[in-house]
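K.L.:
Return a 3D structure for these sequence lines:
(one chain, ligands or ions: 1)
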Amino acid sequence: MNEITFFQRFESDIVAGRKTITLRDASESHFTPGQQLRVGRYEDDVYFCTIEVVSVTPVALDELTDEHARQENMTLPQLKEVIAEIYPGLNELYAIVFTLVSKA
Ligand SMILES: CC(=O)Nc1cc[nH]c(=O)n1
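P.N.:
Coordinates of the predicted model:
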């Protein structure tokens, strides 16, 4: 069973190591550093890799920086647009930094 999902459009960046962070709402803030997570695609829940959580840090939408965007393999305006689409109206986010452990 997968423990976290990502939209399919992010899969190639994650398995290539270009995306090393995910911004989530409070419902996914319970992960802990060192925890290894099976990762599936949101659309079909097909497993595609395992990641290890490095850190989970609260961050407000208006505190996001170019460094967060770099870790998402996006520009800061792109990142803010993506987050506003996924979590409309939400300001309180959690930055989950991760490393790639293995691919499917
Ligand atoms: C499925 C899902 O919520 N995926 C997300 C959400 C925020 N960031 C991200 O990389 N992926």
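K.L.:
other SSEs contacting the longest strand that the chain contains?
P.N.:
What stands out as the longest strand in the chain, according to DSSP state E, is strand 47-60. On a contact count with 3 or more CB pairs under 8 Å, 6 or more residues apart in numbering; DSSP states H and E, strand 47-60 meets helix 11-15, strand 36-41, strand 92-103. C-beta here means a position set from N, CA and C on the backbone, and glycine is covered the same way.
K.L.:
what's the average pLDDT for the helix or strand following it?
P.N.:
For strand 47-60, the succeeding helix or strand toward the C-terminus, using DSSP states H and E, is helix 66-71. Helix 66-71 shows a mean pLDDT of 98.
K.L.:
can helix 66-71 be found next to the ligand?
P.N.:
No: shown here: helix 66-71 not in contact with the ligand (CB under 6 Å from any ligand atom), separated by at least 10.4 Å.
K.L.:
pLDDT value on residue 81, please?
P.N.:
Each residue has a pLDDT score; the one for residue 81 is 98.
K.L.:
On the three-state scheme, it is what?
P.N.:
Assigned by DSSP: H, G, I helix; E, B strand; the rest coil, the conformation of residue 81 is helix.
K.L.:
I'd like to know how far it sits from the ligand.
P.N.:
Distance, residue 81 to the ligand, by CB to the nearest ligand atom, to the nearest Å: 12 Å.
K.L.:
just residue 62 next, same as before
P.N.:
Residue 62 sits 17 Å away from the ligand, going by CB to the nearest ligand atom.
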